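1. got a sequence here, can you build the structure:
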Amino acid sequence: MINSSSSKKQGPDQSEITGAAFKSQRTKMGKIEDGEKKKRLKDVEISVPIVYGNAAFWLGKKASEYQSHKWTVYVRGATNEDLGVVIKRAVFQLHSSFNNPTRVVESAPFELSESGWGEFEIAITLYFHSDVCEKPLNIYHHLKLYPEDESGSMSTKKPVVVEFYDEIVFPDPSENFLARVQNHPAVTFPRLPAGFTLPPPVPIEDESKRKRGDTKDSPLSQWFMNFSEADELLQLAAARQQVQAHIAKLRRQISVIDGQNQQFKSTSDQ
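-> I've put the predicted structure just below:
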């Protein structure tokens, strides 16, 4: 299907794999209105780390004028856990040139695959379960098909990948929501008041009887970026070393220039 936008480039280049690897966003949801008299847990926050982005494979010899890439856009757990415990469905709004541009994914994993030739912005609307939040969340992702370096060669084996990290924060959650997700690995509790007692957990459904909604075994998982704290610290340390090396280089250059100026001045005074 034709998709007409040709704008490109988002995120640093990483060979054919591209992405943004810093936790720069934290989306706080509004407090939901009590349509029913649900018990709210004051001064409690539930956080759900997510990653959204796309992976695009060049079709190589199979590419045509209007079908140059096969791509997948997705919203996944930051550690590839099942987000279906919080998100009920996801709606992907594609470019109007696609047939049926509004695509609804009713269950995890929340991903959509298509093919085309151009880059464009995809609006993604996340709808939550009734005990989570009544308001949907809108996020926007610019589909990326081409490597950051235009002079670089494209590969049919390594995709172009761009991903962004976000943390969806739910303040004052319902007791039902917290009891249902407190043992789920996709959910974290960054702030609990002193002396707070968690409600009894809801038993987790038998894994063998449940359809898997995680992305741990996804064909794309080998290309997913790692957003762990340790990796982020390593990246920051590497960046600091590069800055320090650059500063040392500039100081040496300044020292050489100062020496040349002194020598020139001495020669001129003679």
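
2. what lines up beside the biggest strand by length in the chain in the sheet?
-> Assignment by DSSP state E gives strand 45-58 as the longest strand of the chain. Paired neighbours of strand 45-58 in the sheet (DSSP bridges): strand 69-77 (antiparallel), strand 160-171 (antiparallel), strand 188-191 (antiparallel).

3. highest average neighbour count across the ones you listed?
-> Most buried of those, by mean neighbour count (mean count of other Cβ atoms under 10 Å): strand 69-77, with a mean of 23. From N, CA and C alone the C-beta is placed, and that goes for glycine too.

4. run the chain-centre distance for that strand.
-> Offset of strand 69-77 from its chain centre (Cα atoms, centre = their mean, to the nearest Å): 11 Å.

5. okay, the next helix-or-strand element following that strand in CSV with CA atoms only?
-> Using DSSP states H and E, the next helix or strand after strand 69-77 towards the C-terminus is strand 87-93. The C-alpha trace of strand 87-93 is given here as CSV (Å, rounded to 0.1, in the frame of the first residue of the first chain):
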residue,chain,number,x,y,z
ILE,A,87,-4.0,-2.2,28.2
LYS,A,88,-7.3,-3.5,26.8
ARG,A,89,-6.7,-2.6,23.1
ALA,A,90,-4.6,-0.4,20.9
VAL,A,91,-5.7,1.6,17.8
PHE,A,92,-3.1,2.4,15.1
GLN,A,93,-4.0,5.3,12.8
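
6. now the angle from strand 87-93 to strand 45-58?
-> Orientation check (axes from the mean of the first three to the mean of the last three Cα atoms, to 10 degrees): strand 87-93 against strand 45-58 gives 40 degrees.

7. which outside residues touch strand 87-93?
-> The contact list for strand 87-93 (Cβ atoms under 8 Å, 6 or more residues apart in numbering) reads 73, 75, 101-108, 110, 112, 122-129.

8. which one of the strands paired with strand 45-58 has the poorest average confidence?
-> Lowest mean pLDDT within those: strand 188-191, a mean of 74.

9. residues touching stretch 102-111, excluding its own?
-> 72-76, 82-84, 87, 89-94, 112, 126, 211, 213-215, 218.

10. make it 7 Å
-> The contact list for stretch 102-111 (Cβ atoms under 7 Å, 6 or more residues apart in numbering) reads 72-76, 82-84, 87, 89-94, 112, 213-215, 218.

11. bridging residues for the closest residue in space to M154 that isn't next to it in sequence?
-> Nearest residue to M154, sequence neighbours excluded (Cβ to Cβ, 6 or more residues apart in numbering): W58, at 4.3 Å. Beta-bridge partners of W58, counted by DSSP bridges, are H69.

12. and if you look at S115?
-> Per DSSP bridges, the residues bridged to S115 are K70.

13. let me see the contact set for it.
-> Applying Cβ under 7 Å, 6+ apart to S115 gives the contacts 67, 69-70.

14. how far away is it from V243?
-> For S115, the distance to V243 (Cβ to Cβ, to the nearest Å) stands at 42 Å.
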